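Colleague: A structural model of the following input is requested.
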Amino acid sequence: MRAGMLLGVGLGGFVDGIVLHQILQWHNMLSARLPPVDLVTAKVNMLWDGLFHAAVWIVTVCGIVLLWRTASRADVRGMGRMLSGAMLLGWALFNGVEGLIDHHWLGLHHVRDFVLDKSRWDWGFLALSAVIGLIGWRLSRTSPEPPRPREHRNTSAPY
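Modeller: Numbers count the residues shown, from 1 in each chain. The predicted structure follows:
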């Protein structure tokens, strides 16, 4: 569960950074406070976007390490639904925290910085996060019980 949550936070951050920051160019890390209107402010925003990507990369690596450590345990076999659900929960957690802190409380950027009704996009982002979280919670709760470790039987001794 912890590995999935970390992977979800990291991968959710990558979706945000790659899709919203780079491909769609809807916002940057500081674009509401420091609009990228010239080369200097664009470079400052690019630096903070890079630091953001470095942070979510570290979180993703931590999730992979944790998953790697638990993958060989017999009591976690067949837990793909739980892992998928935990990853969605992590993604929703990332979006919720990022949406509340960056969009609403600090106003560092908005989902769509250069539109008239920024608030509608920000609240929609949080609503989507809630849906992702509910799906993740449902998946992680409907996972089958983990298989119990088999008892070692010594068949060579006559009884």
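Colleague: top helix in the protein by residue count?
Modeller: Ranked by residue count and defined by DSSP state H, the top helix of the chain is helix 39-70.
Colleague: and that helix, how far from the chain's centre?
Modeller: In terms of Cα atoms, centre = their mean, to the nearest Å, the gap separating the centre of helix 39-70 from the centre of its chain is 11 Å.
Colleague: buried ones in it?
Modeller: When burial is assessed from 16 or more other Cβ atoms under 10 Å, helix 39-70 yields the following buried residues: 41, 45, 48-49, 52-53, 56, 59-60, 62-63, 66-67. The way it works is simple: take the backbone N, C-alpha and C, and place the C-beta from them, glycine included.
Colleague: same thing with stretch 100-112?
Modeller: Under the neighbour-count criterion of 16+ other Cβ under 10 Å, stretch 100-112 has 102-103, 108-112 buried.
Colleague: cool, stretch 71-91 as well?
Modeller: Applying a neighbour-count criterion of 16+ other Cβ under 10 Å, the buried positions in stretch 71-91 are 76, 79, 82-91.
Colleague: Just the angle for the helix or strand bottoming out on mean pLDDT in the chain relative to helix 39-70, thanks.
Modeller: Here the helix or strand of the chain ranked lowest by mean pLDDT, DSSP states H and E is helix 80-98, holding a mean of 90. Between helix 80-98 and helix 39-70, the angle comes out at 150 degrees (axes from the mean of the first three to the mean of the last three Cα atoms, to 10 degrees).
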